[in-house]
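Student: Provided below are the primary sequence and the corresponding predicted coordinates.
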Amino acid sequence: MAEAWAIWGRAIHAPDTVETLPRALIIVDPDGTIISVEPSVPENDARLRGFCESGRLISLSDDQVLLPGLVDLHVHAPQFPQLGTALDRPLEEWLQAHTFPLESRYADVTFAEGVYTRLVETLLANGTTTALYFATIHLPATQRLAEICLAFGQRGLVGRVGMDHPEQCPDFYRDASAESATADTRALIDFIRAMPGNENALVRPVITPRFVPACTDALLDGLGALARDTGCHVQTHCSESDWEHEHVRARCGCTDTEALDRAGLLGRRTVLAHGNFIESGDVARIRARGAAVAHCPLSNVYFAGAVFPLRAMLAEGLHIGLGTDIAGGASASLFEAARQAVASSRLLESGTDRTLQAGRRGVPGSRVDFRTAFRVATAGGGEALDLPVGLFRPGYAFDAMVLQSGLPDGNVVFDAEEDGDTILQRIVMGAGRGDIDRVWVAGRLVRQR
Ligand SMILES: [Zn+2]
């Protein structure tokens, strides 16, 4: 559509707390940016008639709700084929025996193309309008992932993984040198920024050292310099497990967060996956740099050995979003991650060892509810990435989805008379892809049931 268009109906988003816009009129400009948002516009409004008569109005029914698209802050795209498998192994073994052999197969671009196409389609069907992707060390396959995001219209932030440490990375899957890894990363940045059709930067490059243990100091420094030069986003794993946290301490003589900061890799557009074992000094440093944490509650159950204290870290003022961590997390649905965030926080609060006295079992004040989980899955992800997504607000991208009550393949049923808070609760605690009717990214309809 070459002219502005509008959507009218019930909308729910979470600018701070959850806010229901009972009959929202959202006007979207032709490039997909929200021009205006009014919370309650009656059916007989003259503008509604105007948009309707020129065929530029989408009118939602009583059994439909408009939500911001979901922002998945941690996806390993090449691990999609092993979703749900080998999760009984410890992290180091899972990586060496299962994950690295799989990731090494992406030297084959045809193989990569098949997997990446299925993944992007699956995530869009699940309402994930923005995804922050780790790819592999392979430049051509990573370029292909960026092209696939653009072709399907997903807001994709795509990183070629840097990993050159000979002791932590196998011979068959390792960057040849810090120099070649840095050069290939720069090549990906240039490629994505120049992709035809990507003038609005729907797809963005991300500087992606796998994690400190997998990278030599030379590579960390090289990628840090590249981050300063290019202003790109940065993503990596940070203090995910006892092993990772202690390994970095032993090697660098400081915490993971500090090592990343020394290399110039901790900035406003840095997303640290997991962060389970960050210490109080790390929290202050992450906050000071404006960096973010990708909370991955489902994979933390399998690999972290601890629960990330989401509520306490939000209270510390950190930017925090949510990640599926495909394939350390076994679900492609960020709604599933939201539910796990709620459940994990309850286990942290109550504790889990029944042989301890009730009052000594857990960490009081740790629980979060569906509202907080929804917020981190939408607006929190946008803040973490420093991008205008995740809210219905002028100047933000129209990245959104319609959920519908009672769809044949859906889980969620709500009554049109229920208040927005109750409807949102039903959605966050129950929704899956079968409840999603339509998805837009930057104003473009990218998925329809
Ligand atoms: Zn990960």
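Tutor: Yep, that arrived.
Student: need the contact list for the closest residue to Asp421 other than its chain neighbours.
Tutor: Nearest in space to Asp421, with sequence neighbours left out and distances taken as CB to CB, 6 or more residues apart in numbering, is Val18 at 6.4 Å. In short, each C-beta sits where N, CA and C put it, glycine included. By CB atoms under 8 Å, 6 or more residues apart in numbering, the contact list for Val18 reads Ile12, Arg371, Phe374, Arg375, Gly420, Asp421, Leu424.
Student: For the fifth one, what are phi and psi?
Tutor: This means Gly420. Gly420 has phi and psi values of phi -60, psi -40 when expressed as degrees, to the nearest 10.
Student: Spit out the contact partners of it.
Tutor: Applying CB under 8 Å, 6+ apart, we find Gly420 in contact with Arg10, Ile12, Val18, Thr20, Pro22, Val65.
Student: Could you report the pLDDT at it?
Tutor: On pLDDT, Gly420 comes in at 96.
Student: How about residues contacting stretch 90-109?
Tutor: Contact partners of stretch 90-109, identified using CB under 8 Å, 6+ apart, comprise 76, 78-79, 81-82, 85-87, 89, 111-112, 135-138, 140-141, 144, 161, 169-170, 172-173, 240-241, 243-244, 303, 327-328.
Student: Buried among the residues you listed? Make that a ChimeraX selection.
Tutor: Only the buried members of these end up in this ChimeraX selection, burial being decided by 16 or more other CB atoms under 10 Å:
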select :76,78,79,82,87,89,112,135,136,137,138,141,144,161,169,173,240,241,244,303,327,328
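Student: Kindly indicate whether Ile189 is helix, strand or coil.
Tutor: Per DSSP: H, G, I helix; E, B strand; the rest coil, the local secondary structure of Ile189 is helix.
Student: Just the element for Arg438, please.
Tutor: Arg438 is part of strand 436-441, with elements assigned from DSSP states H and E.
Student: which helices and strands sit right next to that strand?
Tutor: If you count contacts as 3 or more CB pairs under 8 Å, 6 or more residues apart in numbering; DSSP states H and E, strand 436-441 packs onto helix 109-125, strand 128-134, strand 400-404, strand 444-448.
Student: any chance you could map the strands in the stretch 101-250 of the chain?
Tutor: Taking DSSP state E, counting those that start in this stretch as the criterion, the stretch 101-250 of the chain contains strands spanning 128-134, 155-162, 204-209, 233-238.
Student: Just send those back as JSON lines, with distance to Ala107 too.
Tutor: Below are these laid out as JSON lines (distance: least, CB to CB, whole Å):
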{"stretch": "strand 128-134", "distance to Ala107": "16"}
{"stretch": "strand 155-162", "distance to Ala107": "13"}
{"stretch": "strand 204-209", "distance to Ala107": "18"}
{"stretch": "strand 233-238", "distance to Ala107": "22"}
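Student: Let me know which of those is the nearest to Gly197.
Tutor: Between Gly197 and the strands of the stretch 101-250 of the chain, the shortest gap by CB to CB is with strand 155-162, which sits at 12.9 Å.
Student: pLDDT averaged over the closest one, what's the number?
Tutor: Per-region confidence: strand 155-162 scores 98 on mean pLDDT.
Student: a markdown table for the contacts of Val18, including distance to Arg118 and secondary structure?
Tutor: Listed next are these as a markdown table, based on distance: CB to CB, whole Å; DSSP: H, G, I helix; E, B strand; the rest coil:
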| residue | distance to Arg118 | secondary structure |
| --- | --- | --- |
| Ile12 | 30 | strand |
| Arg371 | 33 | helix |
| Phe374 | 27 | helix |
| Arg375 | 30 | helix |
| Gly420 | 34 | helix |
| Asp421 | 36 | helix |
| Leu424 | 30 | helix |
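Student: Separate out the buried members of those.
Tutor: Burial by neighbour count, 16+ other CB under 10 Å: within the contacts of Val18 this picks out Ile12, Arg371, Phe374, Arg375, Gly420, Leu424.
Student: low-scoring pLDDT stretches of the stretch 51-200 of the chain, where are they?
Tutor: Applying pLDDT under 70 to the stretch 51-200 of the chain flags no residue at all.
Student: those helices in the stretch 51-200 of the chain, which residues are they?
Tutor: Taking DSSP state H, counting those that start in this stretch as the criterion, the stretch 51-200 of the chain contains helices spanning 91-93, 100-104, 109-125, 139-152, 178-193.
Student: Need the winner for burial among those helices.
Tutor: The highest average neighbour count among the helices of the stretch 51-200 of the chain, using mean count of other CB atoms under 10 Å, belongs to helix 139-152 at a mean of 22.
Student: quick one: contacts of that one?
Tutor: The set of residues external to helix 139-152 that reach it, using CB under 8 Å, 6+ apart, is 77-78, 106-109, 112-113, 116-117, 120-121, 124, 131, 133, 135-136, 155-156, 158-160, 184, 187-188, 191-192, 195, 197-198, 202-203, 205, 446.
Student: try 7 Å
Tutor: 77, 106, 109, 112-113, 116-117, 120-121, 124, 133, 135-136, 156, 158, 160, 184, 187-188, 191-192, 195, 197-198, 202-203, 446 (CB atoms under 7 Å, 6 or more residues apart in numbering).
Student: which non-adjacent residue is nearest Cys238?
Tutor: For Cys238, ignoring the flanking residues on the chain, the nearest one in space by CB to CB, 6+ apart is Leu272 at 3.8 Å.
Student: Just the residues contacting the host helix or strand of that neighbour, thanks.
Tutor: Counting by DSSP H and E, the element that carries Leu272 is strand 270-274. By CB under 7 Å, 6+ apart, the surrounding residues in contact with strand 270-274 are 73-74, 132, 234-240, 286, 291-294, 296, 300, 304, 308, 323, 325, 384.
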